[in-house]
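Undergrad: Provide a 3D model corresponding to the input given below.
(2 chains)
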Amino acid sequence: MNCKRTFLLLASLTLTFAANAAMTFRVVSTTALPEGVIARDVRWASDTEVFVGTGKRGVVRTRVDSTAHPHLVVAGAERGGGPTVIAGRLGLAQNHILFASGMGMVGWSPLAGTTRKVEQKGLVALMDVDARGDTAAILGADSGPVQGLQREGTILWIGSLSKNLANLRPIMKGRSKPGGKDMARCSILETGALRYMPDGSLVVIPGVEPGVYRYDANGKLMQTWDTDPLGIVDDCWIPESDLLLVARDFGERIKWYASRVTLDEILPTANGPAVVLRRVEKGVTKWDLVTLPYKGRSERIALPVTMPTPRAHVRGDIRGNRLVLLMWDDPMPGQKAAAPPKLIVMSIDGK
Amino acid sequence: MRLAFLGVVLVFAAAVAAAPAGGVHVVIENHDGSHVAAQLPLSDAQLAAAKHLWAWSDGLAPRKLDARADVLAELRRTPSRPLDVRVRGWSRSEELAGLRVIAAPQEMWLDVPEPLLPAFALTKEGRATIPVRDPIRVRVVGEKFGTVWEDVAPAARAFELLLREPSADATVAFRASDGALAGRVFALAMMRRRGEAATATRAQFASDDKGVVRIPSLPESEILTLFVTSERSAPQTISGSAADLSRTIRLPAPAQIRGRVVDEEQRPLRDVKVEAEGWVSSDAPVASRDAAVSDDAGVWTVRGLPRGQVMVRATAKGRATFRRRVTLEEGGSLDLGTITMPPSADVVLTVTNTENEPLPNVNVAGDSGFRGTTGKSGSVTLTGLPVDDSSSITLTAAGFAKQTIELALPLPKEERVVLERAFSVLGNVVDDKGAAVSDATAIVTSGMAYRRVDVAADGSFSFDVEPGKEFDLTFESPSAASVSRKEQAGRIGETRNLGTIRLPSGLSVRGRIVDSADSPVAGARVWSVRASAGGTVVAWAGGRVVQATSDGDGNFDLRGLPPGPALLRIDAPDYARTYRPVVVEAEPLDAGAIEVVRGRDVTVKTKHDDARTARIDLRGDWLDADMLTAPVVEGEARLRHVPPGTYKVTVVNARAVVCERTVDVRENSDALVECAPPMLVRGRVLLGGAPAYSGSLSWNRPSETDGLISNRVSAMGALQQNVYGMGSGTVVVPLRADGTFETNELRAGEWQVSWRSPESGGTPDRTFVVPDVADAQIVVEFSGGVIRGRVVDANDRPIAQARVREIQGPLFAMSGAEGSFTLTAVAPGVHRLQASLGARASRVVEVTVEPDQAASEVRLEIDDVERDVLTIRVVGVEGQPKPNAFVFAGRKIMTADANGVARSSFPEGRPGRVIVFADNEWAFGDVGESDDVTLRFERTGAMTIRSKTITGEPQILSARAGDLSWMLERLGTFLTLAPDAPLVIHGLPVGTYEVRIGADVATVAITAGSNATVDLR
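TA: Okay, the predicted model is just below:
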């Protein structure tokens, strides 16, 4: 029991600067989660703690530097929760934790109290979720009467968690008809993301159609950015046979990712979104951070972390001037991960 | 050895032959798990050994009683009613001599070995009167005839059994894996009726001291699955007919898990209970559980385990529960090493209702393995909770909403939980004549949640639904049409009585089942899969069928069908499956006489050592409902009663199809299918005429059948998966560096094959026929062009990791170390390619590909030159810059900067027009040939849309701008028209617009400064 729950402090104090960049990152600590733990998303819970989405185990709260006593916040399918309680993506609201899985289920649970009831809603496809205040934002596609999809094709909704998302309203409708067909078809590629910014605006990268969109809290479009300069996959131009292969064959999926630049995360900085782009070079996964400031020019900065496997991904969160990245290796089926998931805390200097 | 199934736990049993005692028959189940027939009164020794007993008499139905109960008084206290059992299929009363009807409550069949169950002789009219109280199961055994196990409907007053011959005894001699005597063997008999998805446990048997199990009078063509355990072997399932099973079978060697448990100071812990549980096979709904207790040194060993995944749990008073999932090999030994069990905390949990009244009988389950129930005070002490982690506790109680709580650290000594009353739904289901329907099911769907609730024998139902959520209800019965209704969300504590749900009889098909001599065939099951949104596989696997059984005259009346085409499947015992497509209409359809034939036997021989099951696909669509199956026993399987015709025969191992043949079954002779030995297929791959350099081939057999995976979780958390449909699976064959390959996983026949590049992508599927030879040498050639090229910089230096993509097309590659890339299986025609690296890109290069011609070579040069950039300058009416304007251009939506300028590249070709939105006004403009366009806002007008009847989202179309309503939505404005809420849209450029809602269309002209009104219906 103890060994299962003991986290290992791996390394610390790596100093790296991005060349000619106004924003620099300094690794403060790197902490490994226990071997065998699946971790897929992270949110700061306090100055010293984070929430980690651990798949079928649920959501845990743990310190980032000394993680011997993680607290279970939401029991996942393997911890007595319902069979669909799987925490792949996280969002942190004022009074709730929001979680979702690529299987299309989004769930939420109050943060306070000993009796935390888990609510869930099912969608046809789910790309990402986030939350701010009492509002949850969901990027995905829902079922309907037209070829199994909604006729109007909403791909982005917001709703109130205190009202159990009964008031979900559409914010963005997809270009493909019917019903956000591209979102339903290509969400498995996980090419999109969304994130609330510190100023309350919501930044969305659909991933199945071009563009970065910034909406205000009421769902009015405020600003856009072009995805072309990012070089990421921003469409659903993939033949059905390839999509099926990527969906059913994990090896093909890894190759597909390894040969493209893809979006791993949108980080919320005070000056605007910063997107984390993933690439694989000679079997090593590397990440670039590209800033998309509300005003001014964009910058590209190589993040001072790599993983010696072509299967690694990161998710992250920013609190003040500290960035926490959750980095993991997606092991081949039946094999062990190259390394256990890591929580990497960096200080951010500069603008 | 303990077996957990269907909520019942059985203990290894040693059965002793029954010996009726006076008027009351008694079978004792002892604490050691053995069963023995006894006479009343029981001796002190018998009472001491007895756990409980079953008692019955010729006129009083069996009851499970405490061993010290006043048996006769208890039996008399609960009256029985007579069930008239009649057998058919005999011609002379002498044939009935020695036949016995074994009849017992269904619970008793799972509690007591079949030879000890109540048995009744038949009269010379072939009848027996049996006292019943609970739902019962019956079977007839005798020298010449036999039947399978049949469940009698709860309210039935009479029941008919069709005697079947020939029938034979299955006599199975079990041996341990080393060939020695297996000792006492315990066997659960399970069956799956033809055409049904689920395997059900029917009866239990125990061996003699030499490990021989005898199951008498099995109809010869029936396949039985035995779940077998013994103290010297691992549990295993074996399947076959009576003839298949009558042999010596070696049971697999048991695996074991060992370890040592210590406290937090590394001191050994004794008396720790360690349990391990796992599913034995995918075709048996039975999990096996074994246990051990740690000794003084803290050492324990759990033995007798099956191979595969098992859950291990260690529990001790005052210690946190340990749980781990491990995988075992047959006969293997796994050492879990030293396991530290830290002290646990006990938490007293008190459960009350919202009126603060204590709630007894609340089931409490923790994720650490704790199971308990609240007492009268509403309290239960949770034990075994870890002190270093929070615990998840789930509470369930009838009439209350299920609740899961987290006990966070530090754990409290006491915790109170208030359970809210559930929203309860109740009612009763009757047929169109008002009679209770006892076999109805309520399907409750709320969002993604789905569950089935069986109604009670009297047709009543009661179940809890989560308050606050709308839900859909569907009631259906195999003998009636379904009824669906949408229910509004309920309130906490609400009880909603739906009253009487009347299931209409639906449309019906009548007919008569006859044999080739036009004699009636009784007992034939006529059935059809219900239409389901989830597809045929899902409906069939969930038992969603309508069905009827032919009576003694062969007549059937199948009800509950919807109008339209339906496929009837007819399964008569000892006859071949027959199909009858019908078109059901408003009037009852008379299908007339449907002839069933005996069919022929098909013997399948295979040399695949791991072959498990032979299958004949009667309709050729890979649907499990239409597969005849038989187990492969010593390289041979016999499929009985196969109708004449030509069919696909497959043999599967645990993973995939290993043999696929075609068989032509004729009316007058049995058939033999011999699988070819595993064949070697080798060859090479050509892409557009050139060898493939590496990658892999992906081989698939086409299948139109949907697939379904259903999961079952054991009490301790082990997972069992059942896969339905899914066709033939995929075989992936890696290529060598020279493009050659070799495999023994393919079979002769037609495949869909594609080549997958080692990087990403590949070719589309093509059809390929693998020849039926032992050593096939083939060339797999993919037509279509190949584009090869290099990505370089302005100095011709190679650029690696550049993205090469087709403009508005699917082609994609990444450049390699030398900047090279290859695109394969390219369709003939013109393709526009561009390379990019970060923000830099090459020109767009057009490449023309001719069919099967030599590879096209292309050079893509990435430089710092901006190309295909379109600049839009947005200015107002007065010519002033419009900052932050949104510019819709092609697939992009740009934002103008502080100077009103939006710039972006359009390698796929510049858009012909741009649409701009700023300050609640629109402007439309043409781009033309220029790469720097100024778009000036002009005076605009407004539009008001009204309707007295229509509610909906109007579409606003402009010949100059396209769908403005979509653009408004993308900007965050969603238009909704309602009778009392007209829509006003400002800022529209002068011109003509079309407004649409559904079939209502109106055209309106907008002029500057005006507000034009559009009146829809």
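Undergrad: contacts, neighbours, all on C-alpha from now
TA: OK.
Undergrad: ignoring the adjacent residues along the chain, who's closest to residue 260?
TA: Using chain A. A:R279 (6.5 Å; Cα to Cα, 6 or more residues apart in numbering or on different chains).
Undergrad: wait, I meant chain B there
TA: Distance criterion Cα to Cα, 6+ apart; nearest residue to B:R260, sequence neighbours excluded, is B:V299 at 4.3 Å.
Undergrad: how many residues are close by residue 190?
TA: You didn't pick a chain, so chain A it is. By other Cα atoms under 10 Å in any protein chain shown, 19 other residues sit near A:E190.
Undergrad: that's the other chain; I wanted chain B
TA: Burial of B:M190, expressed as a neighbour count using other Cα under 10 Å, amounts to 23.
Undergrad: and what about the residue nearest to A:R260, helix, strand or coil?
TA: With DSSP: H, G, I helix; E, B strand; the rest coil as the basis, the three-state label of A:R279 is strand.
Undergrad: from A:D242, how far out is it?
TA: With distances taken as Cα to Cα, to the nearest Å, A:R279 is found 20 Å from A:D242.
Undergrad: repeat for A:E299
TA: Applying Cα to Cα, the value for A:E299 to A:D242 is 33 Å.
Undergrad: look at the two and report which has more neighbours.
TA: Neighbours were counted for A:E299 and for A:D242 using other Cα under 10 Å; A:D242 has more, 22 against 16.
Undergrad: shouldn't that one be within a strand?
TA: No - assessed with three-state DSSP, A:D242 is helix; it does not lie in a strand.
Undergrad: show me the contacts for residue 225.
TA: Looking at chain A here, since you left the chain open. Contacts for A:W225 were tallied using Cα atoms under 8 Å, 6 or more residues apart in numbering or on different chains; they are A:G211, A:V212, A:Y213, A:L292, B:M894, B:T895.
Undergrad: meant chain B, my bad for not saying
TA: B:T225 sits next to B:A189, B:M190, B:M191, B:T237, B:I238, B:S239, B:G240, B:A284 when contact means Cα under 8 Å, 6+ apart.
Undergrad: ok, B:D263 - how many residues close by?
TA: A count of neighbours around B:D263, defined by other Cα under 10 Å, yields 15.
Undergrad: actually, B:D66.
TA: Neighbour number of B:D66 under other Cα under 10 Å is 15.
Undergrad: nearest residue to it other than its sequence neighbours?
TA: B:H52 (4.9 Å).
Undergrad: and that neighbour, what are its bridge partners?
TA: B:E29 (DSSP bridges).
Undergrad: could you report the neighbour count for it?
TA: Neighbour count of B:H52, defined by other Cα under 10 Å: 18.
Undergrad: and what of B:E846?
TA: 15.
Undergrad: what of B:G468?
TA: 13.
Undergrad: ok, it - contacts?
TA: B:G468 sits next to B:A489, B:G490, B:R491, B:I492 when contact means Cα under 8 Å, 6+ apart.
Undergrad: now do the contacts for B:S391.
TA: B:S391 touches A:L72, B:G366, B:D367, B:S368, B:L385, B:E406, B:L407, B:A408, counting by Cα under 8 Å, 6+ apart.
Undergrad: hmm, the first one is touching B:E406, no?
TA: Yes - under the contact definition of Cα atoms under 8 Å, A:L72 touches B:E406, with a separation of 7.5 Å.
Undergrad: looking at those two, which one has more neighbours?
TA: Here A:L72 and B:E406 are set side by side on neighbour count (other Cα under 10 Å), and the busier one is A:L72, at 24 against 21.
Undergrad: name the member of the contacts of B:G468 with the most neighbours.
TA: Counting neighbours by other Cα under 10 Å, the top entry in these is B:G490, with 20 neighbours.
Undergrad: isn't that one right next to B:K469, touching?
TA: Yes - at 6.9 Å, B:G490 counts as touching B:K469 under the criterion of Cα under 8 Å.
Undergrad: out of the contacts of B:G468, which are inside strands?
TA: Assigned to strands by DSSP state E, none of the contacts of B:G468 qualify.
Undergrad: so which of those is the closest to chain A?
TA: B:A489 (12.1 Å; Cα to the nearest Cα).
Undergrad: show me where chain B has helices.
TA: Taking DSSP state H as the test, the helices found in chain B are B:44-49, B:71-77, B:106-109, B:242-245, B:536-541, B:964-971.
Undergrad: about what we covered before: in this structure the residue nearest to B:R260 contacts B:R267, no?
TA: No - counting by Cα under 8 Å, B:V299 sits too far from B:R267 to count as a contact (11.6 Å).
Undergrad: looking at those two, which is more packed in?
TA: Neighbours were counted for B:V299 and for B:R267 using other Cα under 10 Å; B:V299 has more, 21 against 12.
Undergrad: contacts only, for the more buried one.
TA: B:V299 is in contact with B:R258, B:G259, B:R260, B:V261, B:R270, counting by Cα under 8 Å, 6+ apart.
Undergrad: B:S508 too?
TA: B:D557, B:L558, B:R559, B:G560, B:L561, B:V584, B:E587, B:P588, B:L589.
Undergrad: swap in B:T549?
TA: Counting by Cα under 8 Å, 6+ apart, B:T549 touches B:A522, B:G523, B:A524, B:R525, B:V526, B:F556, B:D557.
Undergrad: same check on A:D130?
TA: A:L90, A:G91, A:L92, A:L98, A:A136, A:A137, A:I138, A:L194, A:R195, A:Y196.
Undergrad: OK, contacts around the fifth one?
TA: Meaning A:A136. Neighbouring residues of A:A136 by Cα under 8 Å, 6+ apart: A:G91, A:A93, A:L98, A:V129, A:D130, A:I158, A:G159, A:S160, A:L161, A:L165.
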